[in-house]
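[1] Okay, sequence plus prediction incoming.
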Amino acid sequence: MKIGIGNDHSALELKAEIIEFLKEKGHEVVDYGTNSAESCDYPVYGELVARAVAAGEVDQGILICGTGLGISLAANKVKGIRAAVCSEPFTAKMARAHNDCNILAFGARVVGGELAKMMVDTWLNTEFEGGRHQRRVDMITAIEEKEQ
Ligand code: RB5
């Protein structure tokens, strides 16, 4: 799978760990930054990854800021994006299985490397179940359409 990853200054170390993990698992990774420890604005990176996912340049996205909140909020403003902030594997699994989320977000100040890797692994190995969940995801998309 081709994964786009983005982060702010709070998540440099965790991102490096996640990139290494993804490559070990045989995934291709596109790093949208930041790669500087200087304080930066998370919406920039949330939008970059979200647009790459929405355009189909990458299959899935991973976003990391201090809490996962700001960067996912920014990503969710891009049409077609469903970014979920998770801090444990069950929610990460359900975000794929029931909500067909296309971006996993988490907080570098919330989860450690091992927990983050468990979530990423679960996320990438869970398929959307469709069926009644498709109807609900379509309803979310319909709300988005009303905003255009
Ligand atoms: C940066 O200090 C912090 O606000 C950011 O990483 C993130 O947690 C925002 O939601």
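    Thanks, I have the structure now. Numbers count the residues shown, from 1 in each chain.

[2] can you pull out the strands in this protein?
    2-7, 28-31, 60-65, 83-85, 103-107 (DSSP state E).

[3] Next to the ligand, which bits of the chain? Give me the list.
    Asp8, Ser10, Tyr42, Cys65, Gly66, Thr67, Leu69, Gly70 (Cβ under 6 Å from any ligand atom). (Glycine included, C-beta is placed from N, CA and C.)

[4] and Thr67, how many neighbours?
    For Thr67, the neighbour count with other Cβ atoms under 10 Å is 18.

[5] Equivalent analysis for His9, please.
    Using other Cβ under 10 Å: His9 sits among 18 other residues.

[6] Equivalent analysis for Val111, please.
    By other Cβ under 10 Å, 19 other residues sit near Val111.

[7] how about it, what does it touch?
    Ser87, Met119 (Cβ atoms under 8 Å, 6 or more residues apart in numbering).
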